[in-house]
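K.L.:
okay, here's the prediction I keep looking at, along with the sequence it came from:
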Amino acid sequence: MNHKVKDFFNQVLRVQNGYTLVEAIIAIAICGFGLATILGLYGMAIKTEMVSKSIFEQSVEINSIADEINGSLSDLTTLSLSKKVNSVLQGKYPDYRLEEIRGDDQSGLYTIKILHNGKNSAEKYFYIKVFWRSW
């Protein structure tokens with residue numbers, strides 16, 4: 001019996017529990033890769049939020065312009081459509097400029113092409129449809 005106990009203790013002493021240096025390096029590399037991926041996604045989310053905020057603000061601004069143009073068309077003065085649009089744009093929106101008005105007098109439906117000179121000299125065109133009849 002004494003011999004069996006001695007063999008058992010020898011086996012226990014030979015078994016090494018714990019991690020090797022290679023296993024620790026692999027675990028650190030996996031954690032680093034996961035952390036780098038998460039931080040990369042975080043940076044992408046910040047950029048996406050900035051772009052969507054810019055698009056939202058510009059959308060609100062162009063909708064305000066469209067509302068003001070439609071409001072000025074209900075005024076029955078003798079001004080032409082281009083003069084009414086220019087009066088709206090020159091007042092509050094200096095970055096916007098009237099480019100073209102297309103449509104016909106019979107249907108009264110016009111498409112107004114507006115140019116926006118934004119940051120970094122990026123030009124964007126917006127189109128607004130209005131119904132207007134010259135009386």
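P.N.:
Ah, there it is. Numbers count the residues shown, from 1 in each chain.

K.L.:
contacting residues around stretch 66-76?
P.N.:
81, 84, 85, 87, 88, 92, 112, 128, 130, 131, 132, 135 (Cβ atoms under 8 Å, 6 or more residues apart in numbering). C-betas here are computed from N, CA, C, even on glycine.

K.L.:
the fifth one contacts residue 81, correct?
P.N.:
No - Residue 88 lies out of contact with residue 81 (Cβ atoms under 8 Å); the separation is 11.1 Å.

K.L.:
helix or strand right after the longest helix along the chain?
P.N.:
Taking DSSP state H as the assignment, the helix of the chain that covers the most residues is helix 21-73. Of the helices and strands lying after helix 21-73 in sequence (DSSP states H and E), the nearest is helix 81-92.

K.L.:
in that next one, what counts as buried?
P.N.:
81, 84, 85, 88, 89 (16 or more other Cβ atoms under 10 Å).

K.L.:
now do the third one, the pLDDT please.
P.N.:
If I follow you right, that is residue 85. For residue 85, the model assigns a pLDDT of 88.

K.L.:
once you drop chain neighbours, what's closest to it?
P.N.:
Closest residue to residue 85 apart from its sequence neighbours, by Cβ to Cβ, 6 or more residues apart in numbering: residue 98 at 5.2 Å.

K.L.:
for the one you found, helix, strand, or coil?
P.N.:
Following DSSP: H, G, I helix; E, B strand; the rest coil, the label given to residue 98 is strand.
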